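J.: Predicted model follows, preceded by the sequence.
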Amino acid sequence: MLNKNTETFICCDRDYNDSSVVLFGAPFDGTASFRPGTRFGPSAIRHESYGLESYSPYQDGDLADMAIFDSGDLELCFGNTNKVLDNIYQRAATILNDNKLPFMLGGEHLVTLGAFRAAAEKYPDVRLIHFDAHTDLRQEYLGETLSHASVIRRCHDIIGDGKIFQFGIRSGDKSEFVWSREGHTYLRMFDTKGLTDVIHSLSGLPVYLTVDLDILDPAVFPGTGTPEAGGISFDELRRAVTQACKGCKIVACDVTELSPPYDISGVSTAVAGKIVREMLIALNPIIRRP
């Protein structure tokens, strides 16, 4: 059993044994290739969540009515990426083995790999839905195969062709787009159109959902390590994650790439917190305990 964190995401303070969803933070930015700072994301999301209401008028749902436990941030060893990923894997596996849903707050996007390994181990037929500005399909970046620029390629190594569905992509090396078009992943550029059809095609299958917040227009979300001009609106992302969480059999998920130091206004952190809130509420009909 995990211990409750001293500061939780708003209303996520139920007992571990009674909870269906377990939050945890992965404060790591050891492979950030442009601007570091995402290590501060999880704690910032928690702290600033108290500026939000627990009630969502979008969904007519309230976090106060839900069984969610926040176990706090992992203590991660900077300088040893494999150990970091193993620590994340262990936390996600513990939660999954207790028949609960792990919800990870990043951290840079590489942290997804640790949690995804645990999900794929328990659910060998798992699929991956990926919201992002970047393809993240490089075989390696500057000679390193474990990178935030290669995380989805490493997930592909685990589950293979035709099981990864990418949305909002607007940046990447040409070779990544070519590789995807060869049938390795489904890749939707620039927006989230086609999500409804993908959700229908995944009916009954376990799904891991990963949300890189830099999918958003940097005019909405400047607080990230690798901002990309263009991008979708907050409302398009809110609708997309809500639809995925309600329409799919989500077995694990994450929200990554908030870097609070690059937005001293706090707007980016508020956006991240609201996306987390909407995802948690949308998951509730699927995971509600009797």
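T.: Right, received. Where do you want to start? Numbers count the residues shown, from 1 in each chain.
J.: chain center to the helix or strand encompassing Asp235, what's the gap?
T.: Using DSSP states H and E, Asp235 maps to helix 234-247. Centre-to-centre, helix 234-247 and its host chain are 13 Å apart (Cα atoms, centre = their mean, to the nearest Å).
J.: Averaged pLDDT, that helix. What do you get?
T.: Helix 234-247 shows a mean pLDDT of 98.
J.: Buried residues, that helix. List them.
T.: By neighbour count with 16 or more other Cβ atoms under 10 Å, helix 234-247 contains the buried residues 236-242, 244-247. The C-beta positions use only the backbone N, C-alpha and C, and glycine is treated the same way.
J.: Would you mind giving these as TSV with distance to Lys174 added?
T.: Shown next, in TSV, are the buried residues of helix 234-247 (distance: Cβ to Cβ, whole Å):
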residue	distance to Lys174
Glu236	26
Leu237	26
Arg238	31
Arg239	31
Ala240	26
Val241	29
Thr242	33
Ala244	28
Cys245	33
Lys246	36
Gly247	33
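J.: OK, contacts around Gly230?
T.: By Cβ atoms under 8 Å, 6 or more residues apart in numbering, the contact set of Gly230 is 133, 170, 190, 217.
J.: Which helix or strand contains it?
T.: Assigned by DSSP H and E, Gly230 belongs to no helix or strand.
J.: Pull the number of nearby residues for the nearest residue to Gly106 once chain neighbours are set aside.
T.: Excluding its sequence neighbours, the residue lying closest to Gly106 (Cβ to Cβ, 6 or more residues apart in numbering) is Thr256, at 3.2 Å. Residues lying near Thr256 (other Cβ atoms under 10 Å) number 28.
J.: could you give the mean pLDDT of the helix or strand harbouring Ile95?
T.: Assigned by DSSP H and E, Ile95 belongs to helix 81-97. Helix 81-97 shows a mean pLDDT of 97 in the predicted model.
J.: list the buried ones in that helix?
T.: Neighbour-count burial for helix 81-97 flags 81, 84-85, 87-89, 91-96 (criterion: 16+ other Cβ under 10 Å).
J.: Out of the residues you listed, which is nearest to Lys174?
T.: Nearest to Lys174 among those is Thr81, at 26.7 Å by Cβ to Cβ.
J.: Next, the contact list for that closest one, please.
T.: Thr81 makes contact with 30-31, 110, 146 under the criterion Cβ under 8 Å, 6+ apart.
J.: Run through who's touching the helix holding Asp235.
T.: Contacts to helix 234-247, defined as Cβ under 8 Å, 6+ apart, come from residues 58-59, 129, 131, 167, 191-192, 195-196, 199-200, 207, 209, 211, 215-216, 220-221, 232, 250, 253, 271, 274-275, 278-279, 282-283, 285-286.
J.: I'd like to know which of the residues you listed are part of strands.
T.: 129, 131, 167, 207, 209, 211, 250, 253 (DSSP state E).
J.: What segments of the chain are helices?
T.: In the chain, helices defined by DSSP state H lie at 41-48, 81-97, 111-122, 151-159, 174-179, 195-201, 234-247, 267-287, listed in chain order.
J.: Give the bridge partners for the residue positioned nearest the centre of the chain, please.
T.: In the chain, the residue lying closest to the centroid (Cα atoms, centre = their mean) is Asp254, at 2.3 Å. Counting by DSSP bridges, Asp254 is bridged to Met104, Thr210.
J.: what's the distance between it and Ile129?
T.: Separation of Asp254 from Ile129 (Cβ to Cβ, to the nearest Å): 11 Å.
J.: what's the overlap in contacts for those two?
T.: Each of 209-210 lies in contact with both Asp254 and Ile129 under the rule Cβ under 8 Å, 6+ apart.
J.: buried stuff in stretch 191-206?
T.: Result for stretch 191-206 [16+ other Cβ under 10 Å]: buried residues 191-192, 195, 198-199, 202, 206.
J.: and which of those residues is nearest to Ala118?
T.: Pro206 (12.2 Å).
J.: In contact with the closest one: list those residues for me.
T.: Contacts of Pro206 (Cβ under 8 Å, 6+ apart): 119, 123, 125-127, 249, 251.
J.: at 10 Å instead, please
T.: By Cβ atoms under 10 Å, 6 or more residues apart in numbering, the contact set of Pro206 is 119-120, 122-127, 248-252.
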